[in-house]
Every structure is written in structure tokens, then in C-alpha cells.
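>>> sequence and predicted structure are below.
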Amino acid sequence: MEHVKPLRADGRRNRERLVAAAAELVARDGAQASLEEIARKAGVGSATLHRHFPSRQALLEVVFREGVAQLCARATAQPGKNPAAELAAWLEDLTVHTSTHRGLAAALLTGPEGLSAEDICCTDMVRDVLRVLVDKASSAGAIHANATTEDLMRLANAIAVANEDDPLTARRVLRLALTGIQP
């Protein structure tokens, strides 16, 4: 096993700034966001970007995974006092995130490094979080008994795809759809 030397504090800060800048610019410009602009926005040089991320694919993978991990962490941090509202709020977050970052996963799958769907797919993580929220809302009688995790995943994904790069419309359409799942 290869030993990876931990980053110094300044290296960690540079990496964090690069990921934050990349997330912002990928959300605005898509997966083909300018690497030079990402480095500039992060306040580092192009060489620093390439030291941390040897390829566009490596950077996109981190942006994608971190975004999904943050999304899932927000769901688990909810207090659990209003399961229906928490489910609806998280579905909105999921739909907006997917609408805004839709091209990211596709870019990773078609990139030169040939990452497989299994290498980048966070679907299981999202599904597990959603399943917990659906179970809580269902147990509280806050949603129809036949509303399943898979149904809500499809609903959020379909709305995101239909409203790619338009998160405000995606949120509005999801809210309209969710009024149909309330008992």
C-alpha cells in the first residue's frame, strides 16, 4: 500500500479553495468550466491546480462527490420534528442540486479517464438518505402510503432533467408535484 503524505495546512486550504471555486463555476458554466478561471477564482496558479488535480476529471469527481455528500449530510442533520416538511425540503435540495449539476456526472462518464458509473455514482447514498426520510414521513402518516422512495427519486430526477440549468423552475415544479403526495 502506498503511503500518501498528508497535505500541509496551506496545501489543504488551496485544495479546499479549488474545490469551492470549481463547484461554483461548474454550477454556472457546466463541466467544461475553465480550469484557468477556477485557479484564478481560488487565488492560486494553474500549476497549483494541476498539482492537486492532475486532470479535469479528477477535479470534477471531487466536486461531484463532495456536493452529494453535503446534500446527504443536510438530510441527516434535520431535527426530525416535522417529517413531511423535512422530506419536502430535502427533495427540493436534491432537485435543485441535480438540476444545477446535471451535466457533471455525464462529463465524468465520458471523460478520457473512463470512470465507470460505479466509480462516481452516489445514487445509493442519496437513495439511503431518502429512504430514511420517506420512512419517517410515512410512519407519521404525512405522505400517502403508496409513495415510495423510488417514486420520489424518479420524480425529483425527472423534474431536474426537465429543468436543467433552471433551479428556480425546478423548485417550483417540485413544490407543485409534492402537494399531490400530501394526504
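Happy to help now that I have it.
>>> what is the neighbour count of residue 149?
18 (other C-beta atoms under 10 Å). (Each C-beta comes from the backbone N, C-alpha and C, glycine too.)
>>> next one: it, what pLDDT does it get?
We have a pLDDT of 94 for residue 149.
>>> which helix or strand contains the nearest residue to residue 66 once chain neighbours are set aside?
What sits nearest to residue 66 in space, not counting adjacent residues and going by C-beta to C-beta, 6 or more residues apart in numbering, is residue 19, at 6.2 Å. For residue 19, the element it lies in under DSSP states H and E is helix 9-29.
>>> which parts of that helix are buried?
By neighbour count with 16 or more other C-beta atoms under 10 Å, helix 9-29 contains the buried residues 14, 15, 17, 18, 19, 21, 22, 23, 25, 26, 27.
>>> what does that helix contact?
7, 33-34, 37-39, 41-44, 48-49, 52-53, 59-60, 62-63, 66-67, 100-101, 104 (C-beta atoms under 8 Å, 6 or more residues apart in numbering).
>>> tell me the contacts of residue 34?
Residue 34 neighbours (C-beta under 8 Å, 6+ apart): residue 25.
>>> can you list phi and psi of it for me?
phi -70, psi 120 (degrees, to the nearest 10).
>>> start at 59, not 1
From this message on, residue numbering opens at 59, which makes the last subject residue 92.
>>> that one and residue 235: what is the separation?
Using C-beta to C-beta, to the nearest Å, residue 92 is found at 36 Å from residue 235.
>>> re earlier: check which helices and strands whichever helix or strand comes after the helix holding residue 77 sits against.
Once helix 67-87 ends, the next helix or strand along the chain (criterion: DSSP H and E) is helix 93-100. Applying 3 or more C-beta pairs under 8 Å, 6 or more residues apart in numbering; DSSP states H and E, one finds that helix 93-100 contacts helix 67-87, helix 104-110, helix 114-134.
>>> name the nearest residue to the most centrally placed residue in the chain, sequence neighbours excluded.
Residue closest to the mean C-alpha point of the chain, counted by C-alpha atoms, centre = their mean, is residue 126 at 3.4 Å. Residue nearest to residue 126 in three dimensions, not counting chain neighbours: residue 180, with 3.9 Å by C-beta to C-beta, 6+ apart.
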